[in-house]
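**Student:** This is the structure alone, sequence omitted:
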C-alpha cells in the first residue's frame, strides 16, 4: 500500500506540473484505480484522452473496466469499449471485455460473437475459447472450437474446465470428471495450501466472543439485506429474484465489507476484531458513502450478496444493527460438485479438493446454525431446494419476514438485463427449474470412492480435527 501512495503522490505532482501530459494522467488513473479511488481514476483517464494520448484504446478499455467492475455502470463501460473498438477493431482487451459485459448482462448472442472473435485474435490462448464454451450452449466437442480446446488444453485449468462442461453436455460423465480432476490438480500448483483445521478452530472459537454488542436496533423497512452462505448455494439466484422486486436494488458482490474486515485484522473467513464505538460510526459513514457511489437509489432497499460475509456477521450487525441477513443453503453434494467445477479465486484453497470442500460446507453450516439460533429475527435460512420446488410459497414467507409485500414479478427475474458478475451469470438468465437438483448423481461413482457411505447422508462429513 505504501508503494501505491507513493505512486499516487508522484503522478499527482506530475499532472500538477504539466496538465497536458497525457501519459501522467493515464498513470494517475491506473494508480487511482489500484488505490480504490475509482471516481478519481475515471477523471484521470478522461483527462489523458483529452490530452490526445497515443493508443487511446488502452485508456478507454481501462475506463470501461472501472465503470463495469468498480462503479456498477455497465452502460458507460459499453460506450467506452465501443469507442475503443472504433479506434482499433482488433484491440484484444476491448474485444474480450466487451464480450465479458455482454455475458454479465445476459446478451448471449453478442457474448458468443465477441468471445469467438477474441479467440481468433489470440489463437494460442484457450481462455477466450473457454468463455465461449460457457456462452454458447450449442458448442460441442466436435465443433472447431471444441477441437481447438482439446489441442490447447494440456494442463491449462481454463481449457480443462471447458472440456469438462462440453463432455458433461455430451453425457460422457466419466471423461468429464477426469477433466475436472485434471483442472483442479493444475490449480493446486498455484493455490496455497488450505489450513482447514486451523481456520475451523479459529472461526468456531470466535463465534461466542464476537457476538455483536447492539443487535436489536429499531425496525427499519429500508434496512439493507445481506445474502451470504457457502459459495454455489443459490445466493446470486436469490439476489436476482429480489432485484425483480421494485423495492430492492442489488449491489452484487460488493467489496466494501471485505475491505473493512481486513482493516480490522480479519480475512476471508477469519473474523476481525469487533469495532469500537468510534469505528462503528466511521464504518457506517463509509457504508453510506459506498451506497451513494452510483450503486443504489434512495428509494430502494439494497442487497449485498457476498457469500463469505457469513464469517463476518458480528461485524456487520455491530455497524448496522437494523440489517437483515439471509443465508442460502443447498444439498452439500450438489454444492460440492458445483464448487469443484468452478474456478474460484486462489484464496479458496479448499476448492480444489472434494474432501476439503465437504469440510468447508460443514463449517459454513455450523456457523449459519449458530447465528440463526442466536438471532432468529435477524437471520434466516433459504433452501435452494425449497426455492426451486415451491418458489412462490418459499418467497412469500421470505418477503413476510423482510416486511415486504409479495410481487409476482420476482418469478420473472430471468428477464432482467442487469449486470451479474458471478459464476452463475448464465443460470440466472433462465427461469427457475429443477435441472441442477441432484447433479451429483452424474458423478456418483467417483464421489462414492471418495466418501463411501457418507455420500448417503444429508449432512456433510465434518473435519476430524
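**Tutor:** Structure received. Since we're looking at a predicted model, the values are computed, not measured. Numbering: from 1, shown residues only.

**Student:** doesn't residue 318 make contact with residue 257?
**Tutor:** No. Residue 257 is not in contact with residue 318 according to CB atoms under 8 Å; the separation is 11.7 Å. C-beta coordinates here come from the backbone N, C-alpha and C atoms, glycine included.

**Student:** contact partners of the helix or strand bottoming out on mean pLDDT in the chain?
**Tutor:** Across the helices and strands of the chain, mean confidence by mean pLDDT, DSSP states H and E is lowest for helix 196-209: a mean of 78. Residues from elsewhere that reach helix 196-209 (CB atoms under 8 Å, 6 or more residues apart in numbering): 269-271, 311, 350, 356, 359-360, 363, 366-367, 370, 463, 465.

**Student:** What helices and strands are in contact with the helix or strand following it?
**Tutor:** Note on helix 196-209: by DSSP states H and E, the next helix or strand toward the C-terminus is strand 225-229. Other helices and strands packing on strand 225-229, by 3 or more CB pairs under 8 Å, 6 or more residues apart in numbering; DSSP states H and E, are helix 235-243, strand 301-305, strand 324-329.

**Student:** helices or strands next to the helix or strand just after the first one in the packing?
**Tutor:** To tie it back to what came earlier, the one meant is helix 235-243. Using DSSP H and E, the helix or strand that follows helix 235-243 in sequence is strand 248-250. Counting contacts by 3+ CB pairs under 8 Å, 6+ apart, strand 248-250 packs against helix 235-243, strand 301-305.

**Student:** so where is this protein shaky, pLDDT-wise?
**Tutor:** Across the chain, the ranges flagged by pLDDT under 70 are 1, 210-219, 293-298, 465.

**Student:** So in it, which helix runs the longest?
**Tutor:** Longest helix in the chain, counting residues (DSSP state H): helix 354-374.

**Student:** between that one and helix 196-209, how big is the angle?
**Tutor:** On the basis of axes from the mean of the first three to the mean of the last three CA atoms, to 10 degrees, helix 354-374 is oriented at 0 degrees to helix 196-209.

**Student:** show me the contacts for residue 94.
**Tutor:** Shown in contact with residue 94 (CB under 8 Å, 6+ apart): 57, 60-61, 64, 81, 84-85, 88.

**Student:** List the buried residues of the least confident helix or strand of the chain.
**Tutor:** 196, 199-200, 203, 206-207 (16 or more other CB atoms under 10 Å).

**Student:** Just checking the distance from it to the centre of its chain.
**Tutor:** Chain-centre distance of helix 196-209: 24 Å, with CA atoms, centre = their mean, to the nearest Å.

**Student:** got it, and stretch 346-353?
**Tutor:** Computed by CA atoms, centre = their mean, the separation of stretch 346-353 from the middle of its chain amounts to 15 Å.

**Student:** what about residue 9, how many neighbours?
**Tutor:** The local packing of residue 9 (other CB atoms under 10 Å) involves 11 other residues.

**Student:** part of a strand, is it?
**Tutor:** No. Under DSSP: H, G, I helix; E, B strand; the rest coil, residue 9 falls outside any strand and is assigned helix.

**Student:** Give me the distance between it and residue 26.
**Tutor:** The gap separating residue 9 from residue 26 is 17 Å, by CB to CB, to the nearest Å.

**Student:** go on, residue 119?
**Tutor:** The gap separating residue 119 from residue 26 is 28 Å, by CB to CB.

**Student:** try residue 276
**Tutor:** Residue 276 sits 41 Å away from residue 26, going by CB to CB.

**Student:** Residue 385 now?
**Tutor:** Residue 385 is 50 Å from residue 26, by CB to CB.

**Student:** returning to what we had before: mind putting the helices and strands packed on strand 248-250 into a markdown table with mean neighbour count and distance to residue 21?
**Tutor:** Converted to a markdown table, the helices and strands packed on strand 248-250 look like this (neighbours: other CB atoms under 10 Å; distance: least, CB to CB, whole Å):
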| stretch | mean neighbour count | distance to residue 21 |
| --- | --- | --- |
| helix 235-243 | 25 | 43 |
| strand 301-305 | 24 | 39 |
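
**Student:** I'd like those laid out as a markdown table, including distance to residue 378.
**Tutor:** Converted to a markdown table, the helices and strands packed on strand 248-250 look like this (distance: least, CB to CB, whole Å):
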| stretch | distance to residue 378 |
| --- | --- |
| helix 235-243 | 17 |
| strand 301-305 | 15 |
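
**Student:** To residue 51, which of those lies closest?
**Tutor:** Residue 51 lies closest to strand 301-305 among the helices and strands packed on strand 248-250, at 37.4 Å (CB to CB).

**Student:** Strand 324-329 and that closest one, what's the angle between them?
**Tutor:** Orientation check (the same axes, to 10 degrees): strand 301-305 against strand 324-329 gives 40 degrees.

**Student:** got a list of what residue 100 touches?
**Tutor:** When contacts are counted by CB under 8 Å, 6+ apart, residue 100 touches 68, 111, 131.

**Student:** before we move on, back to that, quick one: list the elements packing against the longest helix of the chain.
**Tutor:** Where contact means 3+ CB pairs under 8 Å, 6+ apart, helix 354-374 is packed against helix 196-209, strand 324-329, helix 332-340, strand 379-383, helix 444-451.

**Student:** I'd like those as CSV, with distance to residue 409 appended.
**Tutor:** Formatted as CSV, the helices and strands packed on helix 354-374 follow (distance: least, CB to CB, whole Å):
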stretch, distance to residue 409
helix 196-209, 38
strand 324-329, 19
helix 332-340, 27
strand 379-383, 18
helix 444-451, 38
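
**Student:** Mind checking those for the one nearest to residue 222?
**Tutor:** strand 324-329 (10.9 Å).

**Student:** Kindly point out the strands partnered with that closest one and how each is oriented relative to it.
**Tutor:** With DSSP bridges as the test, strand 324-329 is paired with strand 225-229 (parallel), strand 379-383 (parallel).

**Student:** Look up the closest residue to residue 127, ignoring the ones flanking it.
**Tutor:** Leaving aside its sequence neighbours, residue 127 sits nearest to residue 158 (CB to CB, 6 or more residues apart in numbering; 5.1 Å).
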